[in-house]
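Enquirer: Pasting the sequence and the predicted model now:
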Number of protein chains: 4
Amino acid sequence: MIRTRRHPEATQRTTRLEAFTDGVFAIAATLLVLDLTSYSLGTVTSDAGMWQALSGMGVQMFNFVLSFVLLCLLWMVHVAQFEFIARVDGVMLWLNNGRLLFVVLVPFATALTTEYSEWFAGRLAMPVVFFGAVLFSRLQFAWARRRRAELMPDVTAKEAAVMGADSASAVTLSTLVLLIAPWTGSIAFAIFALDPLLSRLYGRRAERRFPDATAG
Amino acid sequence: MIRTRRHPEATQRTTRLEAFTDGVFAIAATLLVLDLTSYSLGTVTSDAGMWQALSGMGVQMFNFVLSFVLLCLLWMVHVAQFEFIARVDGVMLWLNNGRLLFVVLVPFATALTTEYSEWFAGRLAMPVVFFGAVLFSRLQFAWARRRRAELMPDVTAKEAAVMGADSASAVTLSTLVLLIAPWTGSIAFAIFALDPLLSRLYGRRAERRFPDATAG
Amino acid sequence: MIRTRRHPEATQRTTRLEAFTDGVFAIAATLLVLDLTSYSLGTVTSDAGMWQALSGMGVQMFNFVLSFVLLCLLWMVHVAQFEFIARVDGVMLWLNNGRLLFVVLVPFATALTTEYSEWFAGRLAMPVVFFGAVLFSRLQFAWARRRRAELMPDVTAKEAAVMGADSASAVTLSTLVLLIAPWTGSIAFAIFALDPLLSRLYGRRAERRFPDATAG
Amino acid sequence: MIRTRRHPEATQRTTRLEAFTDGVFAIAATLLVLDLTSYSLGTVTSDAGMWQALSGMGVQMFNFVLSFVLLCLLWMVHVAQFEFIARVDGVMLWLNNGRLLFVVLVPFATALTTEYSEWFAGRLAMPVVFFGAVLFSRLQFAWARRRRAELMPDVTAKEAAVMGADSASAVTLSTLVLLIAPWTGSIAFAIFALDPLLSRLYGRRAERRFPDATAG
């Protein structure tokens, strides 16, 4: 149907893909608030009752902020990657669509995890969706590296390897979240505090693989 | 009211049209999730009950993913076309609005098809809306070819004919979906797997019409 | 608070204003569908009942398409104006915000007119909101003409006057709709079919005011 | 995870940040209307009853317009700042995310303040969210000034100081709103009428701190 599929070697500018992606992220992030708005505080009869009703929204608020931060993180990874990706082909477009499918699911997964956190499947919803988005971000960058000459002509093989360390770290950590969250709940996402450390570690390992590289 | 109508030959840059289109597609794709969020899982009393409740969302999930993929497909066709369309006139703007009208209807059609799939009209909702969007995408590109000198100055007549093969294939296939889906349900969209083949076929036929073309 | 207010002569690029405007239009247009989605078809027990339930949505559908077309019209007027407006000042920004306030109200006014069309105020909702948006579009262009040297440096006084004929026609017609709609309902918007004629008429009158102009 | 965190000195273009921000603002502003749409006018049996039902929406309408104007104000401050900020680093990205978190909360805070205005916490919701957004806008510009050489290379230290007066005024005024609103309700936002005066005052004080400056 589209030109890029018939000539898989053909590529396009990234402008529209970036605009579509920014739009989907912005809407998913803003729709999160509907989960708060639809929450009924019930009948309130005093100032004290009002504060109590609001503090009853603790879990809603925590998961709202958490999902917002995760969406921002996913968006920042996308921006960082496309700061260097100059053109896209049909495969890149479909991997981006897959990535966005999981982004779109974030408000749904957040609502599930909030409402059904006492059940295994409920605690799993947010980690699964986040893992899916991270996985597709990894696949997309892997494909960009494979067709580096056409898609990232200004990036050296070594630079691409080092950049890839970021998404490798994200995959490792979101796998861990997937394994831990069913037992601990959303607090498992705290493990992402290790991300700066782990991505630096992976980055150094990637650098070492290139002989002409100055050792870290 | 607008300048392009009084001077139909006048044209505009495509920047704003692309931004508006990307916005509408991004929002329509993200609103699909509201259909999942509003689905009530009912009272859940055990982990097994939770898994069962989730698996009861199978149809919702299938139609959500299907509509998301169809929207991505429609968006990619738009992007591919406007990679070559340099300027738009008043007719192009209105054909684009018609295209977006059907895009906006996708979340509604998805909800209809999901909830009323046992009735003829329910199974028809998604195919009709998708057919409308594909038809307008065909009309829009046809108009761009007719005013090629002003709207696609960098594209040769032959290139435009070959590109047009893509939307021709989409029209054929979505017509077939329209005829099959009332009997089979949304599985009829699987016929789009034939799209790469059919658009290549149409593309070759288009090439052959141009004498100075190298035979396929 | 913002720089443009302290130095009213200071101006900005139009990029962000255009992006914000396109976003608001895209979302308002897409939110219209929620009015359809939230409409309950009730219990359906046969194919015939399904068709009947759908045809009961006639008014909803008509007002949905009407509001979508009106939003597209308002958006196209904005695009046509900003094809020539190169920079904006603080006044332009606030007039644009006023314009968008009425755009944002379109889904609400559509719902009101659909649900309460038997009452005077219900039939008035869509015309009032549309009139507000058109009025602000007129004010915004009037201000751009007043500061033409800074905001539209590439446009001659005569060209600006002719362009202004478009929004003048829109103001006349939406005033008429405002007067007629309470008695006839939304069919009053059909008067916009006169717009090409009226804006040509106003355009010629504007041309005649400039002595060095070739008579129409 | 992202490149900017591992090399905090690394910077990016502002295009994507601006697109994401415009999207979030546009959606938050448009979602405000859902608060009006979901309001039930109840059963209406006469034209007089319809007008009465509509006038019963006074508080909803007032808070809708107020929140819309506040969002426009916050957006204009963002635009004015990024008219001069040329590049962003990882800290800027996270401060922008914090800013947007409060923007996303505006529809929720508006609904709270509208529905629970008789309670202290209800009257506080909008002022708190607005204060959060203003505070982050102040922090973001403060950081941009601190790394002026990399982030705003075309702006002199004095110009940056004068521009900072705008967000300083906004912080002062939104602090006052925070203190007054619990007693007076949303009318406290009227104090923002003092903003042009106060930001000019702060601007002059900032100018005086630079010896080579011409006295105001």
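Expert: Ah, there it is.
Enquirer: In contact with A:F62, which residues?
Expert: By CB atoms under 8 Å, 6 or more residues apart in numbering or on different chains, the contact list for A:F62 reads A:S186. No exception for glycine: its C-beta is placed from N, CA and C like everyone else's.
Enquirer: so where does it fall, helix or strand?
Expert: Assigned by DSSP states H and E, A:F62 belongs to helix A:58-82.
Enquirer: Okay, buried residues for that helix please.
Expert: A:60, A:63-64, A:66-82 (16 or more other CB atoms under 10 Å in any protein chain shown).
Enquirer: Show me what from chain A comes close to chain C.
Expert: Taking CB under 8 Å from any CB of the partner chain as the contact definition, chain A meets chain C at A:G23, A:A26.
Enquirer: centroid residue for chain A?
Expert: A:L74 (3.0 Å; CA atoms, centre = their mean).
Enquirer: what's the spacing between that one and A:R138?
Expert: Between A:L74 and A:R138 the distance is 12 Å, computed by CB to CB, to the nearest Å.
Enquirer: Name the residues of chain A found near chain B, please.
Expert: A:1-6, A:12-13, A:15-17, A:19-20, A:23-24, A:26-28, A:31, A:34-35, A:93-94, A:97, A:100-101, A:104-105, A:107-108, A:111, A:116, A:119-122.
Enquirer: Just the buried ones among those residues, please.
Expert: A:1-6, A:12, A:16-17, A:19-20, A:23-24, A:26-28, A:31, A:34-35, A:93-94, A:97, A:100-101, A:104-105, A:107-108, A:111, A:116, A:119, A:121-122.
Enquirer: I would like the residues contacting the next helix or strand after the helix holding A:F62, please.
Expert: Of the helices and strands lying after helix A:58-82 in sequence (DSSP H and E), the nearest is strand A:87-88. With CB under 8 Å, 6+ apart as the test, strand A:87-88 has contacts from A:T11, A:Q12, A:R13, A:T14, A:L17, A:N96, A:E150, A:L151.
Enquirer: Determine the number of other residues adjacent to the first one.
Expert: Burial of A:T11 is recorded as 18 neighbouring residues (other CB atoms under 10 Å in any protein chain shown).
Enquirer: thinking it is in contact with A:V91, fair?
Expert: No: the criterion here is CB atoms under 8 Å, and A:T11 misses it with A:V91 at 10.4 Å.
Enquirer: give me the element the residue in chain A positioned nearest to chain B is part of.
Expert: Chain A approaches chain B most closely through A:G23 (3.0 Å), counting by CB to the nearest CB. Assigned by DSSP H and E, A:G23 belongs to helix A:15-37.
Enquirer: And A:A133, by the same measure?
Expert: Using DSSP H and E, A:A133 falls in helix A:120-146.
Enquirer: other SSEs contacting that helix?
Expert: helix A:58-82, helix A:90-115, helix A:157-184, helix B:47-55 (3 or more CB pairs under 8 Å, 6 or more residues apart in numbering or on different chains; DSSP states H and E).
Enquirer: how about the ones you listed in CSV, adding mean pLDDT?
Expert: Putting these into CSV (pLDDT from 0 to 100) gives the following:
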stretch, mean pLDDT
helix A:58-82, 91
helix A:90-115, 93
helix A:157-184, 89
helix B:47-55, 87
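Enquirer: which residues touch the nearest residue to A:V59 once chain neighbours are set aside?
Expert: Using CB to CB, 6 or more residues apart in numbering or on different chains and skipping residues adjacent in sequence, the residue nearest A:V59 is A:T114, 5.9 Å away. Shown in contact with A:T114 (CB under 8 Å, 6+ apart): A:D35, A:V59, A:Q60, A:N63.
Enquirer: How about A:L54?
Expert: A:L54 neighbours (CB under 8 Å, 6+ apart): A:L41, D:A121.
Enquirer: let's see 7 Å
Expert: A:L54 sits next to D:A121 when contact means CB atoms under 7 Å, 6 or more residues apart in numbering or on different chains.
Enquirer: And the contacts of stretch A:25-35?
Expert: Contacts for stretch A:25-35 (CB under 7 Å, 6+ apart): A:60, A:64, A:67-68, A:71, A:75, A:103-104, A:106-107, A:110-111, A:114, B:26-27, B:30, D:20, D:23-24, D:27-28, D:31, D:104-105, D:107-108.
Enquirer: Same question for stretch A:144-159.
Expert: Under CB under 7 Å, 6+ apart, the answer for stretch A:144-159 is A:11, A:84-89, A:92, A:160, A:164, A:207, A:210, A:213.
Enquirer: Mind listing what's buried along that stretch?
Expert: By neighbour count on 16+ other CB under 10 Å, the buried set for stretch A:144-159 is A:A144, A:R145, A:R147, A:R148, A:L151, A:M152, A:V155, A:E159.
Enquirer: Of the residues you listed, which is the nearest to D:A48?
Expert: The closest of the buried residues of stretch A:144-159 to D:A48 turns out to be A:A144 (CB to CB; 65.6 Å).
Enquirer: Among the contacts of strand A:87-88, which has the minimum pLDDT value?
Expert: Ranked by pLDDT, those bottom out at A:T11, which has 83.
Enquirer: Check whether it really touches A:D89, as I assumed.
Expert: Yes: counting by CB atoms under 7 Å, A:T11 touches A:D89, with 5.0 Å between them.
Enquirer: can you list the residues of chain A near chain D?
Expert: Contact residues, chain A versus chain D (CB under 7 Å from any CB of the partner chain): A:18-19, A:22-23, A:25-27, A:29-30, A:32-33, A:36-37, A:44, A:47, A:50-51, A:54, A:68, A:72-73, A:75-77, A:79-80, A:83, A:163, A:166, A:169-170, A:195-196, A:199-200, A:203.
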